[in-house]
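In: Sharing a model prediction with you, sequence too.
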Amino acid sequence: MSDRGVVWLGSPSFPDAAREALKDTQLRANLKRATSTIRTKRLAVASELDDWEELRETAAAIKRRTARHLDHYLVQLEESVTAAGGTVHWASDAAEANRIVTDLVRATGEREVVKVKSMATQEIGLNEHLAEAGITAYETDLAELIVQLGDDRPSHILVPAIHKNRTEIRDLFTAEMGHWGQPAPEGLGDDPAELAEAARRHLREKFLTAKVAVSGANFACAESGTVVVVESEGNGRMCLTLPETLITVMGIEKVVPTWSDLEVFLQLLPRSSTGERMNPYTSTWTGTTDGDGPQAFHLVLLDNGRTDTLADTVGRQALACIRCSACLNVCPVFERTGGHAYGSVYPGPIGAVLTPQLVGVENAASLPFASTLCGACYDACPVKIDIPEILAHLRAKVVEADRRPLKPQALAMKAAATVLDSPRLLATAQKAAAIGGRAIARKGRIRRLPGPLHGWSDTRDTQAPPAESFRTWWRKNREGDR
Amino acid sequence: MNSRHAVLGRIRAALADVPSEERPEDVPVPRDYRRSHTAPGEDTVTLFAERVADYRATVTRTDRARLPDAVAAALTARGAEHLALPAGFPVELLPAGTWQWHPEPLDVPALDALDGAITLAAAGIAVTGTIVLDTGPGQGRRALTLVPDYHLCIVYAEQIAADVPDALARLDPRRPLTFVSGPSATSDIELDRVEGVHGPRTLDVIVVNPTPLEPRP
Ligand code: SF4
């Protein structure tokens, strides 16, 4: 926990953790397969929309408008949720949010809650806090269940258990499910379908009996008071509709002005995230509905360092993040180290800019250096967060804040150097950049190049790089330009 | 109330760079994206059917006269005998036969004991292959299409919006909405796609043409 009351797992620092992670070949193989698979799918469905750039512009602008008038939209959201039969709570930090949720659960008389995957509640360490109060929280997303049974931490926003393979998961289910409820069937195999079936049976008794659920939110519309959860498995729907009481914890940055603004985000999010045209289930609800779903709805609005982030006019844009994980999948550093090395619930490029801002740069000084500044993350981001710009900005802050010999930074640069020194790793970085190049190219032209190249591309209309020869292309063009 | 005050105060302090006279509408939001990604003159009903099928849902097309036969065929193929029947479902669409229709309201254990549910929809979205339920007549409460393992959904051609923007404009956000794009799925184990973790593992969609597809024999 940092002195801002923000839960912070950042020990060891990124370079030390990264060095450990780099030794883990299983982790590397899983991550490589995951990131490249999702990357390919994402490119295919994003390129179906020939107005992708326009959608990104609009999304960024909606987020900009919301951030600059966040007080207005939160008050409006509070009014509309209250008018629809919900109750709104404000939490300035993790401790307060945990207290609010614990009190709400206690008031129901229940000792168990079911949970939909939620980064906000991970960020505040809600499960641990509830456990101290004698309340058991069951994670119901399959990957989160795997992480929970393994007493582990998520390693990726979208596929939190990607660091585990099927045999490890089988062993975990066999050893642990019985302690939490319905045990794994005898002789459980390691086929994913069989494992999913075991999870279905294990969780079903929880869903059908749970009286209280805790969720996060992907979006909340100020005008209508509508809250949105996007998911694939249906565990979200189970939690959002079967229990009597629903408690939703959301960061204050998740508000969007109107219902119709969702038309932009519901096109961008699934395509950027899982590479699908639409995720299997999206649930929206406005307060409570007589005779359908929870009859008590509580919305907890969480600050926990977000207002400090808002105060930084460069760093502010990180609050626009819709947690699609596209930036993770194109990041050469993430692909090598995995999410755990970032020591935060927010890994990858977005974690490298968001975590130091939420907990204070002095508490996460190595993270702004956990990047090669190749710019692939910026190109991938559906809401156009200029992650390289924030990284550079935060690096300056770290250096300013820490006048002592540059120990953590020097170490971090060494980790980055590990990537940059190896021809194979560098090739990975370049491939990511080439993919980024194709993503932003429209009709074969690139409007703006990523990161360090953008000063050059800003004044030129650039030929899109062919997928496999970004390196050659770069050398020819960039070096010829010197 | 204290934290509300504190958080709002911190937000206002953090936004010191925003001129006090600036209104939200003063921050420009360009809307240069398309309202729809269909090609001019494209048949959105066919596109919808193709896109739903892309998610490994089964899609059949029929017309109004043949709808009960299509329902019977789907149920037979799935071996579904006991089905939840939402309030307001038009009974004339139900085929004659040995099926057991269990009318709403049903509690969760009762739903859990059924083979599936048959429902209408509130809207369809062609480009994304999505059906939307808003708990209106013939659609049932949200649990109805969630707890049983099979969902048979009837969508009328005129309910299909071309793309997401038009679909949202047709829907009332005050109602609880469920957007369904294929059956429940997970890729959490080694990225292998597995259908059905918690929601229905099987989704059948019947698309109903407003005019007869061809003269009836
Ligand atoms: S920063 Fe952008 S790309 Fe990364 S998770 Fe957030 S929205 Fe997605």
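Out: Perfect, I can see it now.
In: Find the nearest non-adjacent residue to residue 48, please.
Out: I went with chain A, as the question did not name one. Closest residue in space to residue A:48, ignoring its immediate chain neighbours: residue B:37 at 7.0 Å, by Cβ to Cβ, 6 or more residues apart in numbering or on different chains. No exception for glycine: its C-beta is placed from N, CA and C like everyone else's.
In: nope, chain B please
Out: The shortest distance from residue B:48 to any non-neighbouring residue, by Cβ to Cβ, 6+ apart, is to residue B:126 (4.1 Å).
In: remind me which residues of chain B are low pLDDT?
Out: Scanning chain B for pLDDT under 70 picks out the ranges B:1, B:215-217.
In: Of all the residues in it, which one is nearest chain A?
Out: Closest to chain A within chain B is residue B:199: 2.6 Å, counting by Cβ to the nearest Cβ.
In: wait, that residue sits on residue A:236?
Out: No: when contacts are counted by Cβ atoms under 8 Å, residue B:199 is not listed as touching residue A:236 (9.2 Å).
In: between these two, what contacts are shared?
Out: Taking Cβ atoms under 8 Å, 6 or more residues apart in numbering or on different chains as the contact rule, residue B:199 and residue A:236 both touch residue A:281.
In: The helix or strand hosting residue A:62 close to the ligand?
Out: For residue A:62, the enclosing helix or strand under DSSP states H and E is helix A:52-68. No: interface with the ligand: helix A:52-68 contributes nothing (Cβ under 6 Å from any ligand atom), its closest point being 8.9 Å away.
In: Tell me the helix or strand right after that helix.
Out: Next helix or strand after helix A:52-68 toward the C-terminus (DSSP H and E): helix A:70-83.
In: returning to what we had before: quick check: nearest residue in space to the residue of chain B closest to chain A, chain neighbours excluded?
Out: Excluding the flanking residues, the one nearest residue B:199 by Cβ to Cβ, 6+ apart is residue A:234, at 2.6 Å.
In: Could you report the neighbour count for the residue of chain A found nearest chain B?
Out: Using Cβ to the nearest Cβ, residue A:234 is the residue of chain A that sits closest to chain B, at 2.6 Å. Per other Cβ atoms under 10 Å in any protein chain shown, the neighbour tally for residue A:234 reads 28.
In: Contact partners for it?
Out: A:280-281, B:146, B:184, B:197-200.
In: So residue A:384 is in contact with residue A:61, correct?
Out: No: the pair residue A:384 / residue A:61 is not scored as a contact, 9.2 Å apart, by Cβ under 8 Å.
In: hey, where'd the helices end up in the stretch 51-200 of chain A?
Out: For the stretch 51-200 of chain A, applying DSSP state H, counting those that start in this stretch gives helices covering A:52-68, A:70-83, A:94-108, A:119-123, A:126-132, A:142-149, A:166-180, A:192-209.
In: At the contact with the ligand, which residues of chain A appear?
Out: Contact residues, chain A versus the ligand (Cβ under 6 Å from any ligand atom): A:272, A:321-327, A:350, A:380-383, A:385.
In: again, 5 Å this time
Out: When proximity is defined as Cβ under 5 Å from any ligand atom, chain A approaches the ligand at A:321-322, A:324, A:326-327, A:350, A:381, A:385.
In: Quick check: the residue nearest to residue B:48 vs residue B:189, distance?
Out: Residue B:126 sits 32 Å away from residue B:189, going by Cβ to Cβ, to the nearest Å.
In: Over to residue A:49?
Out: Distance, residue A:49 to residue B:189, by Cβ to Cβ: 30 Å.
In: try residue A:100
Out: Remark: distance between residue A:100 and residue B:189 (Cβ to Cβ) = 35 Å.
In: Pick out whichever of these two has more residues nearby.
Out: More crowded of residue A:100 and residue B:189, by other Cβ under 10 Å: residue B:189, with 27 against 19.
In: what's the nearest residue to the residue nearest the centre of chain A if we skip its chain neighbours?
Out: Nearest to the mean C-alpha position of chain A, by Cα atoms, centre = their mean, lies residue A:323 at 3.6 Å. Counting by Cβ to Cβ, 6+ apart, residue A:157 is the residue found nearest to residue A:323 once chain neighbours are left out, at 5.7 Å.
In: so that neighbour touches residue A:119, yeah?
Out: Yes: proximity of residue A:157 to residue A:119 meets the contact threshold set by Cβ under 8 Å, at 7.1 Å.
In: More neighbours: these two, which one.
Out: Taking other Cβ under 10 Å, residue A:157 and residue A:119 do not tie; residue A:157 has more neighbours (24 against 17).
In: which residues sit in contact with that one?
Out: A:119, A:323-325, A:328, A:339, A:346-348.
In: Now, those that are in helices?
Out: Mapping the contacts of residue A:157 onto helices (DSSP state H) picks out A:119, A:328, A:348.
In: The lengthiest helix in chain A close to chain B?
Out: Counting residues, the longest helix found in chain A (DSSP H) is helix A:25-46. Yes: Helix A:25-46 comes into contact with chain B (Cβ under 8 Å from any Cβ of the partner chain), by way of A:30, A:33-34, A:37-38.
In: how far does that helix sit from the chain's center?
Out: A distance of 16 Å separates the centroid of the chain from that of helix A:25-46, by Cα atoms, centre = their mean, to the nearest Å.
In: Repeat that for stretch B:142-151.
Out: That offset, for stretch B:142-151, works out to 12 Å (Cα atoms, centre = their mean).
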